[in-house]
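predicted model, plus sequence, below.
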Amino acid sequence: MQLKINDLLVGYGQKTVLSNINLTAQSNDFIALIGKNGAGKSTLLKTLAGILPALSGDVFLDDVNLMTLKPSERARHISIVLTGGVEVPLTVREFLAMGRQPYTNLWGQLSTGDLKVINEVGEKMNILDYFDRKITALSDGERQKVLIARALVQQTPVLLLDEPTTHLDLENKAVLINNLLKISNEEKKIIILSTHDINLILPKINKIWATEKTVAQVNKISGLHKMFQSELLWYDEDCQIFRML
């Protein structure tokens, strides 16, 4: 499976945020999308998912041009987890069932196969114990796991996550990152996540996409020292972490 981004231009209305984006990703790629606040990371992810229209350019998943698909069709190829709270009066089970909508019939009925997928994802994400709890009653860490589970229920080859470690404590951040790496490896998914937890994610990812007017792949060893030029920070290339002076 290959995701290929060709001459993509993203933004809002007439305002261009990122331009001339040309990138590729393969099955099993675990990619960190990094950059300063307001650099366009969320805009890129929303455009890839079809939430925002592209200003120009194409995105191919193998030979399928995602830009030409209807939302219901694109939802079978690419799923996204956004930041922000989810305040819906649904149980976890009901919320996960919404992830099967691209595959249900006209009446939205769940098949035996749909229920099997929901239970398998619940087991994988270790959330079966609160399937019958309301989303609004969950902690931030529990809710984040449910959001990711809903995206996994869509069974898409590409998974996008917008700052998925936000509001999580250090241990839950580590657990989440390791779970995502395991999913990428076992299910051969392309996972792209925007993050500011660079020191945590660096040992796990195999590609870095950096945003600054465009999006470019940077070298994990030598390319990062240019990303955050500050008198307070320096990049330790030997240990592959940022340090504060």
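Nice, thanks for sending it over.

what residues does the biggest helix by length in the chain touch?
For the chain, the helix reaching the highest residue count under DSSP state H is reported as helix 170-187. With contact meaning CB atoms under 8 Å, 6 or more residues apart in numbering, helix 170-187 is reached by 28-30, 124-125, 141, 144-145, 148, 152, 159, 161, 164-165, 168, 189-191, 193, 197, 200-201, 204. All C-beta spots, glycine's among them, are computed from the backbone N, C-alpha and C.

which residues sit against whichever helix or strand comes after that helix?
Later in the chain than helix 170-187, the nearest helix or strand by DSSP states H and E is strand 190-194. Strand 190-194 is contacted by residues 1, 3, 25-35, 41-42, 45, 48, 157-164, 180, 183-184, 201, 209 when judged by CB under 8 Å, 6+ apart.

buried only: go through those residues for me.
3, 25, 28-35, 41-42, 45, 48, 157-164, 180, 183-184, 201, 209 (16 or more other CB atoms under 10 Å).

in helices only, show me the residues you listed.
41-42, 45, 48, 180, 183-184, 201.

how does the protein divide up, domain by domain?
1-77+158-171+186-245, 87-155 (automatic domain parsing).

can you lay out these as a markdown table showing mean pLDDT?
Output for the domains of the chain, formatted as a markdown table (pLDDT from 0 to 100):
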| stretch | mean pLDDT |
| --- | --- |
| domain 1-77+158-171+186-245 | 87 |
| domain 87-155 | 87 |
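
and the nearest residue to Phe95 once chain neighbours are set aside, how many neighbours?
Nearest non-adjacent residue to Phe95, counting by CB to CB, 6 or more residues apart in numbering: Ile135, 5.6 Å away. Using other CB atoms under 10 Å, Ile135 is surrounded by 20 other residues.
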